[in-house]
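Peer 1: curious how this folds, go ahead:
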Amino acid sequence: MAFTSPQVAELLAQRQALEEQLDKARERETRLALIEIVQKMREYGITLHELIGKKAVAEPAEPEGAVKYRDPATGATWSGRGRAPRWIVGKNRDDFAVSGRPGGRAAAMSQASLFSEGD
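Peer 2: Coordinates of the predicted model:
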């Protein structure tokens, strides 16, 4: 059923404008609440894991499949898991160890890195 009265059309347009203003006000209020929450988390040193009620899960010190050994002659690599390749069998593995392997990341990120001051 379509309304033809100019008064009804004007009221509908006003309602639409008010709904748009209401949506913007809600978004702004939500954004301000989020900023306040982040500030309180910083102030009290609360982590995201604590906020959602979960314990931080430590990452493995070294990801699976990370290269531990390299054959200098061919460049072939081995993670140290599974069956040893022929080029290392019966030899001193220390001679083939990859130096400067990157270590694992910290078990949990610090609060400062979760919410940098630039946000």
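Peer 1: just the helices in this protein please.
Peer 2: With DSSP state H as the criterion, the chain has helices at 6-44, 48-52, 111-114.
Peer 1: closest one to residue 67 among the ones you listed?
Peer 2: Residue 67 lies closest, by CB to CB, to one member of these: helix 111-114, at 27.2 Å. Any C-beta I mention is one placed from the backbone N, CA and C, and that applies to glycine too.
Peer 1: domain boundaries for the protein, per the record?
Peer 2: As given by automatic domain parsing, the domain ranges for the chain are 1-44, 56-97+108-114.
Peer 1: ranking those domains by burial, who's on top?
Peer 2: Most buried of those, by mean neighbour count (mean count of other CB atoms under 10 Å): domain 56-97+108-114, with a mean of 12.
Peer 1: average pLDDT for that one?
Peer 2: Average pLDDT, domain 56-97+108-114: 77.
Peer 1: ditto for stretch 33-47
Peer 2: Mean predicted lDDT for stretch 33-47 stands at 89.
Peer 1: how far does that stretch sit from its chain's centre?
Peer 2: The chain centroid and the centroid of stretch 33-47 are separated by 18 Å under CA atoms, centre = their mean, to the nearest Å.
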